[in-house]
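In: fold the following.
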Amino acid sequence: MAATMYHTSTSIPIATGERLFTRWQFQELIEKQAVAIIQPDLSHCGGIMECRKIAAMAEARNIALAPHCPLGPIALAASLQVDASTPNFLCQEQLTLGDGYLKTPFKVEDGYVKVPDGPGLGIELNDEFIDSKRFAGDWETPLFHLADGSLTEW
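Out: Coordinates of the predicted model:
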């Protein structure tokens, strides 16, 4: 695996995994210690329990966990629950703290977000706000192409 060569040839930590969806896809990276940090996305890898299994596999090889989380405050609440229960947790990516969507949005204090401790995921949704944002559901993931026709990322 080429990633193994890159990981051992640099002092910069290599992180990946936001586009991997199963523990079997993470397995080779972890077994070969090809990365320093794995980044599973709970919304894509099978949820809280599956992410915990991936994190445990990585912990056995001293690989850190930094969950990918671009999908909103409910996904962030789930990720924070995993973070709090994972010894090899490093940091948490997030794009929104839930302003409007949550009755009590997350707050960053001294670089940290408190793990919600209410029932379930620990959050309470602002149903009125969410109702005002409903749409027909016909959205598709945008595909981005370069001038030469090749596919690129967001």
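In: now do the nearest residue to residue 21 once chain neighbours are set aside against residue 20, distance only.
Out: Nearest non-adjacent residue to residue 21, counting by Cβ to Cβ, 6 or more residues apart in numbering: residue 44, 5.2 Å away. Using the backbone N, CA and C atoms, a C-beta is placed for each residue, glycine as well. Distance, residue 44 to residue 20, by Cβ to Cβ, to the nearest Å: 8 Å.
In: so for the two, which residue has more residues nearby?
Out: Just comparing residue 44 and residue 20: by other Cβ atoms under 10 Å the higher neighbour count belongs to residue 20, 21 against 18.
In: tell me if I'm right that residue 115 and residue 82 touch.
Out: No. Applying Cβ atoms under 8 Å, one finds residue 115 not in contact with residue 82, separated by 9.9 Å.
In: more neighbours, these two?
Out: residue 82 (23 against 15).
In: quick one: which helix or strand includes the more buried one?
Out: Here residue 82, judged by DSSP states H and E, is contained in helix 73-84.
In: show me what that helix is packed up against.
Out: When contacts are defined as 3 or more Cβ pairs under 8 Å, 6 or more residues apart in numbering; DSSP states H and E, helix 73-84 packs onto helix 42-45, helix 48-59.
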